[in-house]
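Novice: Provided below are the primary sequence and the corresponding predicted coordinates.
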Amino acid sequence: MTDWRRPALQVSRSRVWKCRRINMPRAPSSSLELFTTDALLDPFPVYRKLRDLGPVVWLDAYGMFVLPRYAEVRGALENWEVFSSAGGVTMNDEMNEKLKGGLLCSDPPNHETLRKVIERPLTPKALSSLRERVTAEAEAIVEKVVAKGTFDVASELAPHLPVSIVSELVGLPEEGRERMLDWAPANFDCFGPINARTTAAFPVVGEMVHYAFTQCVPGKLKPGGWAQMIWDAADRGEIDPTICPFLMNDYMGPSLDTTIFATISAIWLFARHPAEWDIVRGNPALLPQAINEAIRIESPIQAFSRYVAKDHEMDGVRLPKGSRAILLFGSANRDERRWDDADHFQVNRRGTNEHLGFGFGEHQCVGNNLARMEIRALLSALTKRVKRFELLEMERGVNNVLRGIRKCVVSVH
Ligand code: HEM
């Protein structure tokens, strides 16, 4: 049975080591807050202030360091021996305890073993057999919404592929599947520090974990589906069977809202920048680059964290073992030290594939090829039918680590 209700550590690690920090070279400290509703709706002014303060900044509000610049975020993602995922990638101890041992919260060599199993259906080779079906589904749904003239990208277009095709491929039981769109964002709310959003999300994620433990088990899963393949790997002795329910979350949690938000953001950006839409309509081969640029500038996952597993020096500042550092993907992707005219959406931008929106290094998104395939299929179908998107209504969602739009009504011409 799930150990979801296992009591959390009583004392936050970050609070313990904060007391030890007194005689150390100090990082610039800041009282800026990242997780208020206002900051989540428009984080970019806060990010800029943090980047200007230095490559590593101490955040009083959370008792954690933050890395706001591109070079240091990328460096940390490559240096798992110091910036460990096994110590948890969320910003609160409760959730880190719950995710311990899964793919996201593991370091090599454990991580390599788990990743081999999870990535099997997601390699470019494995996905190539899906391309035709994804393209056909994308053409059909785009045909349908474009015929309406006015539609909500967020509810009528963007969720279609992740919810229909991907859920079916994962092969989860029908019962409970409809809750997936509530579970996925709640899962990401739990990646933030403890605040009202996190605590409200814990019981919802508890339901998802319960579903993984009770429904995502052999006999209830679709034979040949991705979830069943995890259990098959356990039968072959590749992984420990007790870890299987935790690995279900790797297909359920991160495959929905990330891709859905990236799709909506891309269309919203094209509605606001019609000249960029003209460029991709004129040359659809630019779509992969345009998708990278949309993910760079909007970064559906704005921040995860890492546990500092060894004393480490960065820019003359000591990050002590036991501290925690927030890696601000969304800020790194807007860092003016790395990107010219960083706040502008330019589909022709050079080097946009080096964005950190899918992470980097050991934990770089295992689903990125699938996400790119889905988004490209939809945008490609739109290039054939839409000259202009006119934005009629837009409302952002608020989530501790996700950035995205939950209502985006456009009319198309
Ligand atoms: C546009 C869509 C997506 C975005 C922006 C995104 C973003 C990310 C990021 C930033 C990471 C790195 C986490 C870290 O370094 O700690 C990650 C990892 C991961 N993603 Fe995605 N993701 C997307 C789509 C998907 C899809 C479609 C799937 C599943 C089918 C998926 C499954 C995963 C998994 C399992 C990991 C953990 C990999 C590991 O720890 O080795 N993601 N994703």
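Specialist: Received it, and whenever you're ready, just let me know what you need.
Novice: Now do the closest residue to residue 388 other than its chain neighbours against residue 198, distance only.
Specialist: Leaving aside its sequence neighbours, residue 388 sits nearest to residue 413 (Cβ to Cβ, 6 or more residues apart in numbering; 4.6 Å). The way it works is simple: take the backbone N, C-alpha and C, and place the C-beta from them, glycine included. Per Cβ to Cβ, to the nearest Å, residue 413 is found 42 Å from residue 198.
Novice: Also residue 53?
Specialist: With Cβ to Cβ as the criterion, residue 53 and residue 198 are 25 Å apart.
Novice: And these two? Which one has more around it.
Specialist: Neighbours per residue, other Cβ atoms under 10 Å: of residue 53 and residue 198, the larger number sits with residue 198, 22 against 17.
Novice: tell me the contacts of the closest residue to residue 402 other than its chain neighbours?
Specialist: The shortest distance from residue 402 to any non-neighbouring residue, by Cβ to Cβ, 6+ apart, is to residue 188 (4.8 Å). Residues in contact with residue 188 (Cβ atoms under 8 Å, 6 or more residues apart in numbering) are 253, 257, 301, 399-402.
Novice: The ligand next: which of those are close?
Specialist: By Cβ under 6 Å from any ligand atom, the members of the contacts of residue 188 lying near the ligand are residue 301.
Novice: Now distance to residue 89 too, for the contacts of residue 188, in JSON lines please.
Specialist: Converted to JSON lines, those look like this (distance: Cβ to Cβ, whole Å):
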{"residue": "253", "distance to residue 89": "12"}
{"residue": "257", "distance to residue 89": "17"}
{"residue": "301", "distance to residue 89": "10"}
{"residue": "399", "distance to residue 89": "16"}
{"residue": "400", "distance to residue 89": "13"}
{"residue": "401", "distance to residue 89": "10"}
{"residue": "402", "distance to residue 89": "14"}
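Novice: mind checking how far the closest residue to the ligand within the chain is from residue 92?
Specialist: Shortest the chain-to-the ligand distance, computed as Cβ to the nearest ligand atom: residue-wise this is residue 367, at 2.1 Å. Distance of residue 367 to residue 92, computed by Cβ to Cβ: 24 Å.
Novice: With neighbour numbers in mind, choose between these two.
Specialist: Per other Cβ under 10 Å, whichever of residue 367 and residue 92 has more neighbours is residue 92, with 25 against 21.
Novice: Next up, the contacts around the more buried one.
Specialist: 12, 190, 192-194, 198.
Novice: Which element, helix or strand, includes residue 201?
Specialist: If you go by DSSP states H and E, residue 201 is part of helix 196-214.
Novice: So for stretch 326-342, mean pLDDT?
Specialist: For stretch 326-342, mean pLDDT is 98.
Novice: Oops, could you answer that again for stretch 43-53 instead?
Specialist: Mean predicted lDDT for stretch 43-53 stands at 98.
Novice: The ligand contacts on the stretch 1-150 of the chain?
Specialist: So far as Cβ under 6 Å from any ligand atom goes, the stretch 1-150 of the chain lies against the ligand at 77, 85, 89, 103-104, 115, 118, 122.
Novice: Report pLDDT for the residue of the chain closest to the ligand.
Specialist: Residue 367 carries a pLDDT score of 97 in this model.
Novice: Pull the contacting residues for it.
Specialist: Residue 367 neighbours (Cβ under 8 Å, 6+ apart): 122, 254-255, 258-259.
Novice: just residue 172 next, same as before
Specialist: 180, 215-216, 221-222, 225, 227, 248, 252.
Novice: and if you look at residue 194?
Specialist: Applying Cβ under 8 Å, 6+ apart, we find residue 194 in contact with 92, 94.
Novice: How far off centre is the helix or strand containing residue 289?
Specialist: Taking DSSP H and E as the definition, residue 289 sits inside helix 287-298. Offset of helix 287-298 from its chain centre (Cα atoms, centre = their mean, to the nearest Å): 14 Å.
Novice: Ok, stretch 76-89 next?
Specialist: Remark: stretch 76-89 is offset 17 Å from the chain centroid, using Cα atoms, centre = their mean.
Novice: Check stretch 389-403 too.
Specialist: Using Cα atoms, centre = their mean, the offset of stretch 389-403 from its chain centre is 16 Å.
Novice: so residue 387 touches residue 413, yeah?
Specialist: Yes. If you go by Cβ atoms under 8 Å, residue 387 and residue 413 touch, sitting 5.5 Å apart.
Novice: any shared contact partners between these two?
Specialist: Between them, residue 387 and residue 413 share no contacting residue, judged by Cβ under 8 Å, 6+ apart.
Novice: how about the closest residue to residue 114 other than its chain neighbours, secondary structure?
Specialist: With Cβ to Cβ, 6+ apart as the criterion, residue 114 has its nearest non-adjacent residue at 4.6 Å, and that residue is residue 103. When classified by DSSP: H, G, I helix; E, B strand; the rest coil, residue 103 comes out as coil.
Novice: Let me know the pLDDT of residue 103.
Specialist: 95.
Novice: need the contact list for it.
Specialist: Counted by Cβ under 8 Å, 6+ apart, residue 103 has contacts 111, 114-115, 118, 247, 250, 366.
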